[in-house]
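Trainee: no sequence on this one, just coordinates:
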């Protein structure tokens with residue numbers, strides 16, 4: 001209900017676990033408290049089910065309502081003031097995907113048991129400060145991009161392009177591919193590292209060797225769209241100048257068969273409409 005109906009951004013279930021169980025624990029005292037223990041701990045009376053009295057249950061409900069009202073009022077005021085002072089308090093989509101443990105604290109995870117499993121991105125090393133990726137207006141600095149590698153070939157030749165990059169860059173890459181006419185892709189969650197053998201991570205001051213890092217593998221079969229356009233679009237979308245931007249692999253495809261129609265080769269890759 002919290003996530004799907006109320007659309008509360010609560011990925012760790014804090015509302016369902018801490019709040020709901022806190023509320024139940026408070027009310028349960030008014031239902032089940034033993035009369036002798038109630039006297040020992042200074043309660044007004046025992047629980048409804050043990051004494052038949054509504055007195056303690058009423059006090060527990062009053063406590064719940066009081067705390068809830070205090071939290072709602074004070075946090076509404078607090079978040080309203082923060083939103084005005086900071087022009088909004090929601091983080092970027094990239095930070096949402098990578099996690100605030102990473103962006104705010106430099107930790108792969110605040111939960112030690114999840115390290116090496118739920119890691120969402122690698123710590124990137126500093127790039128060349130002389131060639132910033134973005135300009136002051138936020139536009140891509142074209143001069144910072146490496147020169148494209150052109151190769152001869154028929155645009156209709158079937159090629160498989162495999163792009164391996166950071167998970168947080170998937171939406172950016174999908175948008176770039178759609179703009180050049182790529183309508184079909186396959187995405188796989190993978191683990192891996194390049195020649196750097198991953199990046200060194202620190203968790204609460206302890207160095208941890210993260211040799212396998214979470215990545216996405218995007219596979220595209222192209223025929224109508226020139227393969228070089230796919231390469232250029234991917235490089236422009238993914239380039240930051242940092243280690244970990246990813247790699248692009250290009251393979252020749254001998255044949256393609258569309259199972260439903262039996263179409264082969266170039267025809268199997270085209271939209272029938």
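Mentor: Nice, thanks for sending it over. Quantities reported herein were computed from a predicted structural model and do not represent experimental measurements. Residues are numbered from 1 along each chain as shown.
Trainee: Go ahead and flag the most central residue of the protein.
Mentor: Nearest residue to the geometric centre of the chain (CA atoms, centre = their mean): residue 97, 2.1 Å.
Trainee: Look up how far residue 21 lies from that one.
Mentor: 29 Å (CB to CB, to the nearest Å). Placement of C-beta: from N, CA and C, glycine included.
Trainee: Then residue 241?
Mentor: Taking CB to CB, one finds residue 241 at 47 Å from residue 21.
Trainee: Check residue 217 too.
Mentor: Distance from residue 217 to residue 21, by CB to CB: 40 Å.
Trainee: Which one of these two is surrounded by more residues?
Mentor: residue 217 (16 against 11; other CB atoms under 10 Å).
Trainee: Below-threshold pLDDT in this structure: ranges please.
Mentor: Scanning the chain with the threshold set as pLDDT under 70 gives 86-87, 106-156, 194-211, 272-273.
Trainee: give me that answer again for 80
Mentor: 2-3, 8-9, 11-12, 43-44, 86-90, 93-99, 101-157, 192-214, 242-244, 271-273 (pLDDT under 80).
Trainee: Let me see the ranges of the helices in it.
Mentor: Using DSSP state H, the helices of the chain run over residues 14, 20-32, 35-40, 48-51, 55-85, 93-98, 100-105, 170-179, 227-238.
Trainee: Would you mind finding the most buried of the ones you listed?
Mentor: helix 227-238 (a mean of 19; mean count of other CB atoms under 10 Å).
Trainee: now that helix: how far from the chain's centre is it?
Mentor: Distance of helix 227-238 from the chain centroid (CA atoms, centre = their mean, to the nearest Å) equals 23 Å.
Trainee: now the angle between helix 170-179 and it, please.
Mentor: Angle between the axes of helix 227-238 and helix 170-179 is 150 degrees (criterion: axes from the mean of the first three to the mean of the last three CA atoms, to 10 degrees).
Trainee: which strands and helices sit next to helix 227-238?
Mentor: strand 159-165, helix 170-179, strand 247-252 (3 or more CB pairs under 8 Å, 6 or more residues apart in numbering; DSSP states H and E).
Trainee: Would you mind stating the distance between residue 250 and residue 157?
Mentor: Applying CB to CB to residue 250 and residue 157 gives a distance of 11 Å.
Trainee: Now do the same contact list for the spatially closest residue to residue 29 that is not a sequence neighbour.
Mentor: Among residues not flanking residue 29 along the chain, residue 60 sits closest, at 5.4 Å (CB to CB, 6 or more residues apart in numbering). With contact taken as CB atoms under 8 Å, 6 or more residues apart in numbering, residue 60 is in contact with 26, 27, 29, 30.
Trainee: Understood, closing this out.
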